[in-house]
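Q: Give me the fold of what follows.
(2 chains)
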Amino acid sequence: MATNISAEKQREMEAALADRIKAKRKAKRETDTGSTALGLNSMMDMMTIILVFLLKSYGEEPIVILPNTDVPLSVAEVLPKDMTVLTINKEGIFLVRQRILDIEDGKVPGNFKKGGESGLIIEPLENELRKEVEKLKGIANASGKAFEGDMTIIADQSTNYRLLVEVMQTAIGTEFKRFRFAVIQGSMAQSGRYAAAPALN
Amino acid sequence: MARVHVRKIEEAEGLNLTPIMNMVLVLIPLMLLNVVFMTITVIEVTMPQRAAGAAQNNGEPPKRLQLFISKQGFTIMEGTSIQVAKNGCPEGGPTICLSNPEAELDTDKHDWLSLYNALMEIKMKPDWQDHEQIEIVADSSVNFGVLVKAMDISRYQLVGAGKDDAVKGEVFNSVGELNESRMVMADGMDENGNSVKMGLGMFPVVVLGLPTVTQ
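A: Model (predicted):
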């Protein structure tokens, strides 16, 4: 008798359990098919914030570093201003983004310079800079300011001093007076090295 | 009837954000790839105009501090006298010779510690303490990285880590100390006339000279 009751009870319990499982499955099915939209609101908020932040930081940089340019690190703290940007990298010399001429083995070929190999004035660059100065003077006149002749030079870490001086002398000849070298802010230990340099030993 | 009503409300509630989400998802990786998480700063330099010539201070030659950089080291010219080789460097050679000639990068070969100390010692002399200009001349083959480091070393007065209230720079005993150093902070003005804290200069005005011949 006792075993009968317990067997009946067990059956009842099994039936109850089966019902519960069925109910659970049904509930699950309902939630699966019933709700169509995922809760994306918080993700949208996050994305919007990131997008605004990126748009802001993208827009405010007055200087764009061209690819293939290893700009050295420095402890300098003055922030750049919007002005004529000249880039010297391993491939060539660029005025803003326009390629002016190619560099071979870190040198400007002699036939591009006034006075050949030993010359300091790079002719194609001089012509382009003269046009740029005319344009800048026009803008300065229109806005009632004086033309200041500021230039920012972004140079690759491997640029030799000779080339740097040639570029600056050419610019001086076209009425640029003040120069700024663009660098990436770093610590004293990193100064003079570049971001992708081999590790310090 | 009631069921239809409920359905209408549900439809009106959910805005279809899928196109916006698609756009945002494309824009974010694109901008993340483009954005450079680095602060770009500038070093101001001048170069003598070719037309500019003779000294203007009553016929006296101007007081000049010159630093010559070559592949062999640094030569310092204080006024009219060239500093002789120090710290066991070979006589007749540069004032400061290379400390690590085997290094892979040119920047790591030079003895920056001795250069900083030599310049700081000059700055500490009474007749040089108000002098602000340094003329840097380099060999044709010296690279831009070395030039930038030379300017960093000569432009600022530095102190050891932790000495935040120092008013003057100090000399260092080891490269480690120099690498850990920070600028002496002083009150200054930015371009808009606001007072800001900025690094105290050692010889902050850099004039670049024409290159010497490569040896």
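Q: Okay, the nearest residue to residue B:118 once chain neighbours are set aside and residue B:94: tell me how far apart.
A: The spatially closest residue to residue B:118, leaving aside those adjacent along the chain, is residue B:76, at 5.8 Å (Cβ to Cβ, 6 or more residues apart in numbering or on different chains). All C-beta atoms are positioned from the backbone trio N, CA, C, and that covers glycine. As judged by Cβ to Cβ, to the nearest Å, residue B:76 and residue B:94 stand 9 Å apart.
Q: Need the overlap of contacts for those two.
A: With contacts taken as Cβ atoms under 8 Å, 6 or more residues apart in numbering or on different chains, the residues that reach both residue B:76 and residue B:94 are residue B:68.
Q: ok so the residue nearest to residue B:118 is a helix residue?
A: No: assignment of residue B:76 by DSSP: H, G, I helix; E, B strand; the rest coil gives strand, placing it outside any helix.
Q: so it makes contact with residue B:67?
A: Yes: A contact is recorded between residue B:76 and residue B:67 when judged using Cβ atoms under 8 Å, the distance being 5.8 Å.
Q: domain ranges for chain A?
A: According to automatic domain parsing, chain A is divided into the following domains: A:2-60, A:73-185.
Q: For chain A, give the residue positioned nearest to chain B.
A: With distances taken as Cβ to the nearest Cβ, chain A approaches chain B most closely at residue A:192, which sits 2.8 Å away.
Q: tell me the secondary structure for that residue?
A: For residue A:192, the assignment made with three-state DSSP gives coil.
Q: The strand or helix carrying residue A:56 close to chain B?
A: Secondary-structure assignment from DSSP states H and E places residue A:56 in helix A:41-60. Yes: contact of helix A:41-60 with chain B (Cβ under 8 Å from any Cβ of the partner chain) involves A:44, A:47, A:48, A:50, A:51, A:54, A:55, A:57, A:58.
Q: Show me which residues of that helix are buried.
A: The neighbour-count criterion (16 or more other Cβ atoms under 10 Å in any protein chain shown) identifies A:47, A:54 as the buried residues of helix A:41-60.
Q: Pick out whichever of residue B:76 and residue B:67 has more residues nearby.
A: Each of residue B:76 and residue B:67 had its neighbours counted (other Cβ atoms under 10 Å in any protein chain shown), and the higher figure belongs to residue B:67 (25 against 22).
Q: ok, now which ones touch that one?
A: Going by Cβ under 8 Å, 6+ apart, the list of residues near residue B:67 reads B:74, B:75, B:76, B:77, B:115, B:119, B:134, B:135, B:136, B:137, B:150, B:154.
Q: Roughly how far does the closest residue to residue B:171 other than its chain neighbours sit from residue A:42?
A: Excluding the flanking residues, the one nearest residue B:171 by Cβ to Cβ, 6+ apart is residue B:117, at 4.5 Å. For residue B:117, the distance to residue A:42 equals 57 Å [Cβ to Cβ].
Q: Which one of the contacts of residue B:67 sits in the busiest neighbourhood?
A: For the contacts of residue B:67, neighbours were counted by other Cβ under 10 Å; the highest total belongs to residue B:74, with 28 neighbours.
Q: What about the residue lying closest to that residue once chain neighbours are set aside, how many residues nearby?
A: The shortest distance from residue B:74 to any non-neighbouring residue, by Cβ to Cβ, 6+ apart, is to residue B:96 (4.5 Å). Residue B:96 has 26 neighbours, counted by other Cβ under 10 Å.
Q: Residue B:96 and residue B:84 touch, don't they?
A: No: proximity of residue B:96 to residue B:84 does not meet the contact threshold set by Cβ under 8 Å, at 10.8 Å.
Q: roughly how far is stretch B:107-119 from the heart of the chain?
A: Stretch B:107-119 has its C-alpha centroid displaced from the chain centroid by 14 Å (Cα atoms, centre = their mean, to the nearest Å).
Q: ditto for stretch B:196-206
A: Averaged C-alpha coordinates place stretch B:196-206 at 10 Å from its chain's average position (Cα atoms, centre = their mean).
Q: Quick check: buried residues in that stretch?
A: B:198, B:199, B:200, B:201, B:202, B:203, B:204, B:206.
Q: Stretch A:139-157 now?
A: Buried residues in stretch A:139-157, defined by neighbour count with 16+ other Cβ under 10 Å: A:147, A:149, A:150, A:151, A:152, A:153, A:154, A:155, A:156, A:157.
Q: could you give me the average pLDDT of it?
A: For stretch A:139-157, mean pLDDT rounds to 90.
Q: what sits up against stretch B:174-186?
A: Outside stretch B:174-186, the residues within contact range by Cβ under 8 Å, 6+ apart are A:75, A:187-189, B:112-113, B:116, B:156-161, B:164, B:166-169, B:172, B:197-200.
Q: Stretch B:192-199 too?
A: A:75, A:77, B:155-157, B:183-190.
Q: Keep only those of those residues that are in strands.
A: Here DSSP state E is the test, and the contacts of stretch B:192-199 give B:183, B:185, B:186, B:187, B:188, B:189 as lying in strands.
Q: Farthest pair within the residues you listed?
A: Within these, B:183 and B:189 form the most distant pair, 16.6 Å apart (Cβ to Cβ).
Q: of the two, who's got more company?
A: Neighbour comparison, residue B:183 and residue B:189: the larger count goes to residue B:183, with 22 against 10 (by other Cβ under 10 Å).
Q: which residue is nearest the centroid of chain B?
A: With distances taken as Cα atoms, centre = their mean, chain B has residue B:152 as the residue nearest its mean C-alpha position (3.4 Å).
Q: list the contacts for the closest residue to it other than its chain neighbours?
A: The shortest distance from residue B:152 to any non-neighbouring residue, by Cβ to Cβ, 6+ apart, is to residue A:191 (4.5 Å). Taking Cβ under 8 Å, 6+ apart as the definition of contact, the neighbours of residue A:191 are A:72, A:73, A:74, A:75, B:148, B:149, B:152, B:153.
Q: Kindly recompute the last result at 10 Å.
A: Residue A:191 makes contact with A:72-76, A:183, B:107, B:112, B:145, B:148-153, B:179 under the criterion Cβ atoms under 10 Å, 6 or more residues apart in numbering or on different chains.
Q: Give me the three-state assignment for residue A:23.
A: At residue A:23, secondary structure determined by three-state DSSP is helix.
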